[in-house]
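In: sequence unavailable; structure follows:
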């Protein structure tokens, strides 16, 4: 069973209210206690994405705070496979932790904060090094949707180029400016590739973001195979993509419940 | 041990007889109780195809009712990995459930109903998103049999194009007309690809349909590899395919018993 | 623990001596009881090759009888993963079973009998559908050794074409004549591919034949990858291959002991 | 729990001091007892690299002696998956064992000794047959870094050609001269490919060498995929590589702790 008491329910941190967002050192107020079920889903999403080979030791998953849209929840710096409810921390949209208590935090948390700021309808964000997706991030061949399960890719898959923003860098989203540049590349799409680094997937909720991350990886594998066959390839039409999305939103619960059950069964 | 009592043996639903096939809302009569061994085989087929990477959370497997060829058996809407005997429901060829009792049913069940109607000698149907097969569904390069275990592909592998029937759709076989169009594309073959969606495999029985689904996936992987080598490729001759099929029908029990044993050993 | 008593040690079948080789129906004499350790190695080889993805449900492994070179040992018709010591049967080089007792036997056992006849220095034979090797069996691109572990491929890898012998057949080695034709294609090499079917690997002993079968599969994967890179490729020189073989013969015990330990640990 | 007492702590071999390096038969003095934690890390590194498919039955991992830079630690000749603390032996830089006690030692240990001699800042060495890396060792297409996790490849990946040193050999690093030639090819880089054999990875410590070995394999897979897409490919710029390396050195502990925990959890 996943435990989360100390941080979110038994001890909501009401004594560390800060004056809102701001630079490092700021102590933003908590958005309030969070339902245990949501924390469990966030933990499950971390492990599900490891189970499916999307996350290695460096990716992360976040969810927007359900009571305060200016806050989001994200694990302390930890391999996703190890994340438990007690590891979940709260951040403001400047990505300052509400109550750090000495814990190490992800360097690239700005990915989450800036996307939550730019995209009000997005409530869940995954950043990964999904292995079959990386090759598309460095190729001139664009990722395109190969089958109905990836209709969400039909609006196009932009690529974020660090060099356009900062020249030759360490390619880490290590400050708010890079986070905003990434959010700008993402624009209104569900997926943005990061050249030579990985990608980001967003969705209205955790089940949908997990599904999109898993099937972006699948799409990458299948598109490469289709191209390797050497003939012409028929991708989804944007209209097909839109119509399919309507169906998926209602049926994603079927795989989600299965994935979650299996992910949480592991100790 | 697989349990199936409540639905099929101890409580055959004799009180909900309807006036035969028809539209949604119709309550067709049951074909009668079904032997536990067949239900177990159907459950096993679901799990076997998950074990072999053919089915993900969205595919399904059906078998024709052994006593009434106008009925077929299919799980309620559920990830195939989770299917147990109690989840098996009965449908008429219009794909109306005999006794829904509030259970959610697969949207695309018409695939099964219309193929069972069009192909009297077919008694088992698999619909899947088999990952290595999808690329062939969107490529101009036809799938061809690479080795004797896939002799069943020698008559050719047609591709069903949703656009030819309904223009830009959500690409779901969501009504009888689409089911009939798919069955027409399948014609007298054992496999039909669905462009940008998946494929359907049919056979006279469950062991054979499982074997064909597994080895269609294998054939796809191997054909891609053979093409990628860059030389000329020798596929099976149709006559070789026909002769091989005679052998396979008798020996498929060997892998089936192994697969079943392993699939049902999992709780 | 592997049991083998009933067949080979406690009850050597001395009462069913036949007059030597011959056609089906003949009852050849046994070569005598066989050491339990050899039977255990044969069982282990079956399972090791399943563990490494070389054997599916249809392949088989044999070893020459240590006391009578005119006899060999092979499982009854069974998926290799399930083979136990009690399943091991004895055959003469015409592939007649010494004591069938109603057991089903492999249709393609002639592969073993005819190769043991043609190659006195060979004491172990594997027939498989090794998945990455099949594409080479149907391609005009020859398999070549990519690294020192596959030096045994340096003398060349011939392809056996069923059509050259029997025209359009079911491509099964179902009689002695096809077995002899296959042995002729193999000639003095360690590996022969069977077009559109699989391949055969031979060696002086079981550890070496398992190693060769596993690394033929590995070589196929790596050669395809090297070709797919699109540049020129440097294969082993035949002289390198010969020199490497001298080293491998002495060090194959290291992987064999590990593989065997793991294979037999499974119940 | 990993045990290591007999060799390194309870019984430091003080009675077999030799006169320093030299030819086979020399008995060099021990560098002294080694901390149990380092031995545990060395055992873990062996198993981690098996878990990630980098090492098969023939590779090895070494670490420099922490008290005497003229000594290094390496398992006796054993499949890496089976290595325990008791199997760790000590060698001088001529690769003579400090206290052989009849144990078989790796033929290619000179890889380690000569690299430790040539590269004072290197404290950990991996030699492997990493399967996706081999194809790059025989291709004219150079390995290049595809993503930030492999920034360490940015300085270039040389290929060691046995033929340049010894003509047609068995391609084993079986003497100090071949070890020195390999170290010369490696030069100041972290990775050198060995044509048709495998590769060597070096680093300042065990966590970093494990990480580099794992991600060299990942890079090989991804680069092949990127090339197979058929478009142009953007690799990391050397300046990006250098900047990324600064980040990785501090964060490699995150995957290392996870890998180690899982590797040592297996009995």
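Out: It's in. Source: prediction; values computed, not measured. Numbering: from 1, shown residues only, chains lettered A, B, ... in the order given.
In: any weak-confidence spans in chain A?
Out: The model of chain A has pLDDT under 70 over residues A:1-25, A:267.
In: if I read this right, residue A:68 contacts residue A:28, doesn't it?
Out: No. The criterion here is CB atoms under 8 Å, and residue A:68 misses it with residue A:28 at 9.8 Å. Any C-beta I mention is one placed from the backbone N, CA and C, and that applies to glycine too.
In: close to chain D, is stretch A:89-98?
Out: No. If you take CB under 8 Å from any CB of the partner chain as the test, stretch A:89-98 misses chain D, and the best it gets is 15.9 Å.
In: what's around residue A:130, how many residues?
Out: As a burial measure, residue A:130 scores 27 neighbours (other CB atoms under 10 Å in any protein chain shown).
In: name the SS class of it, please.
Out: coil (DSSP: H, G, I helix; E, B strand; the rest coil).
In: can you get me a residue count around residue A:202?
Out: 27.
In: do you know how far the residue of chain A most remote from its centre is from chain B?
Out: Within chain A, residue A:231 marks the point farthest from the mean C-alpha position, 34.3 Å out by CA atoms, centre = their mean. Distance, residue A:231 to chain B, using CB to the nearest CB, to the nearest Å: 4 Å.
In: contacting residues for that residue?
Out: B:139, B:140, B:141 (CB atoms under 8 Å, 6 or more residues apart in numbering or on different chains).
In: and if you look at residue A:123?
Out: A:63, A:64, A:203, A:204, A:205, A:206.
In: which residue is the nearest non-sequential neighbour of it?
Out: residue A:64 (4.3 Å; CB to CB, 6 or more residues apart in numbering or on different chains).
In: the one you found and residue B:49, how far apart?
Out: 37 Å (CB to CB, to the nearest Å).
In: of those two, which one has the most company?
Out: Legend: neighbour count by other CB under 10 Å for residue A:64 and residue B:49, higher for residue B:49 (28 against 25).
In: residues in the stretch 51-200 of chain A within reach of chain D, list them.
Out: A:56-58, A:77-79, A:81-82, A:107, A:129, A:131-132, A:134-141, A:162-163, A:168-172, A:195-198.
In: the closest residue to chain C within the stretch 151-267 of chain A: how many residues sit nearby?
Out: The minimum distance from the stretch 151-267 of chain A to chain C, using CB to the nearest CB, falls at residue A:228 (8.0 Å). Counted by other CB under 10 Å, the residues lying close to residue A:228 total 19.
In: residue A:241 is in contact with residue A:155, correct?
Out: Yes. Counting by CB under 8 Å, residue A:241 is a contact partner of residue A:155 at 7.1 Å.
In: give me the more crowded residue out of those two.
Out: residue A:241 (22 against 17).
In: next, count neighbours for the closest residue to the more buried one other than its chain neighbours.
Out: Closest residue to residue A:241 apart from its sequence neighbours, by CB to CB, 6+ apart: residue A:154 at 2.4 Å. Number of residues near residue A:154 (other CB under 10 Å) recorded here: 21.
In: the closest residue to residue A:59 other than its chain neighbours: what's it in contact with?
Out: Nearest residue to residue A:59 in three dimensions, chain neighbours excluded: residue A:128, at 3.9 Å (CB to CB, 6+ apart). Counting by CB under 8 Å, 6+ apart, residue A:128 touches A:49, A:54, A:55, A:56, A:59, A:198, A:199, A:201, A:213.
In: in the stretch 101-250 of chain A, which spans are strands?
Out: A:124-128, A:159-160, A:191-194, A:198-203 (DSSP state E, counting those that start in this stretch).
In: of those strands, which is nearest residue D:87?
Out: Of all these, strand A:124-128 sits nearest to residue D:87, with 37.2 Å by CB to CB.
In: the closest one: how far from the chain's middle?
Out: In terms of CA atoms, centre = their mean, to the nearest Å, the centre of strand A:124-128 is found 1 Å from the chain centre.
In: got the angle for that strand vs strand A:198-203?
Out: 160 degrees (axes from the mean of the first three to the mean of the last three CA atoms, to 10 degrees).
In: can you tell me the SS state at residue A:39?
Out: At residue A:39 the chain is in helix, as set by three-state DSSP.
In: hmm, it is touching residue A:73, no?
Out: Yes. Between residue A:39 and residue A:73 there is a contact under CB under 8 Å: 7.4 Å.
In: shared neighbours of those two, anything?
Out: residue A:88.
In: OK, contacts around the residue of the stretch 1-150 of chain A found nearest chain C?
Out: In the stretch 1-150 of chain A, the residue found nearest to chain C is residue A:135; the distance is 12.6 Å by CB to the nearest CB. Residues near residue A:135 by CB under 8 Å, 6+ apart: A:220, A:224, D:146, D:222, D:223, D:225, D:226, D:228, D:229.
In: residues of chain A that sit close to chain B?
Out: Checking chain A against chain B by CB under 8 Å from any CB, the hits are A:145-149, A:218, A:221-223, A:225-226, A:228-237, A:239-240, A:243-244, A:246-247, A:251, A:254-255, A:257-259.
In: give me that answer again for 7 Å
Out: With CB under 7 Å from any CB of the partner chain as the criterion, chain A meets chain B at residues A:146-149, A:218, A:221-222, A:225-226, A:228-237, A:239-240, A:243-244, A:246-247, A:254-255, A:258.
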